[in-house]
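Asker: build the 3D model from these lines:
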Amino acid sequence: MSLAKWRGETVCNRPVTAHSLDALGAENRMLDWENLFKRYVWDDRTTPYLIPVNRLKRQQADYEILAYSVFIGILFGVVSITALTDVGPQGRSPNISLYALSVTFASVIFGYAKNYNAALYLSASPLAGLAYLVFYGLRSDHSLFDTLLVALVLILLLWYSRRVITIARCYSTLREGDDQDTPKRRLFKR
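Answerer: Residues are numbered from 1 along each chain as shown. Next comes the predicted model:
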């Protein structure tokens, strides 16, 4: 129900009804911000990060694996490219770039095949990032706050990778969802 109809307002001296046209001639539709937020930002069907792994459905696990793979793939893809420049404190490092590229490839493999070994390899990448910070980050010309912020993000990623490993281990036993579990993607109400 639109706000104008609820208040009993008029447009061009005509009462607003559910199927009336507004002053521009378009049908009176309003965005439902609460449902849009739930649908695209936090919806248990598509963003199930707080649902225990034993209650996940396969489609929910697919969404979570996709989000994790895209995040890790983009992050380490950028690291792979920047390690070949002279920006870092150790200068140009093809070894770091090669490792970051292998993590990027592992995220693609994990995103498509849901392979348990790829999940294990991805879960070791925050440890490698923390080791890099210990050897190069603490003595660099970056501020201590930046280094601690990156360390906090890597620790959170390491904590979350436990869940990803559990999802990868249990993926083949997850139950399928029905068609009602798939949300309908519409911007406007009908």
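Asker: surely Asp86 and Arg92 touch.
Answerer: Yes. Contact between Asp86 and Arg92 holds when scored by CB atoms under 8 Å: they sit 5.6 Å apart. The way it works is simple: take the backbone N, C-alpha and C, and place the C-beta from them, glycine included.
Asker: between those two, which has more neighbouring residues?
Answerer: Arg92 (12 against 9; other CB atoms under 10 Å).
Asker: dump the residue contacts of that one.
Answerer: Applying CB atoms under 8 Å, 6 or more residues apart in numbering to Arg92 gives the contacts 83-86.
Asker: what's the pLDDT at Ile167?
Answerer: Reading off the confidence values, Ile167 has pLDDT 94.
Asker: so Glu90 makes contact with Tyr136?
Answerer: You called it Glu, but residue 90 is Gln. Yes. The pair Gln90 / Tyr136 is scored as a contact, 5.6 Å apart, by CB under 8 Å.
Asker: more neighbours: which of the two?
Answerer: Neighbour count, other CB under 10 Å: between Gln90 and Tyr136, Tyr136 has more, with 16 against 13.
Asker: from Gly91, how far off is that one?
Answerer: Separation of Tyr136 from Gly91 (CB to CB, to the nearest Å): 10 Å.
Asker: again with Tyr68
Answerer: 31 Å.
Asker: ok, the two, which is more surrounded?
Answerer: Neighbour totals were compared for Tyr68 and Gly91, and Tyr68 leads with 22 against 9 (other CB under 10 Å).
Asker: and that one, what is it in contact with?
Answerer: 107, 110, 122, 160, 164.
Asker: now do the SS call for it.
Answerer: Here Tyr68 is recorded as helix under DSSP: H, G, I helix; E, B strand; the rest coil.
Asker: and Phe76, how far is that from Ala113?
Answerer: For Phe76, the distance to Ala113 equals 18 Å [CB to CB].
Asker: for this structure, which segments are assigned as helices?
Answerer: Along the chain, counting by DSSP state H, helices occupy 3-7, 33-40, 58-82, 94-113, 116-123, 125-132, 144-170.
Asker: now stretch 97-117: mean pLDDT?
Answerer: 95.
Asker: buried sites along it?
Answerer: For stretch 97-117, burial by neighbour count (16 or more other CB atoms under 10 Å) applies to 97, 99-101, 103-107, 109-111, 114-116.
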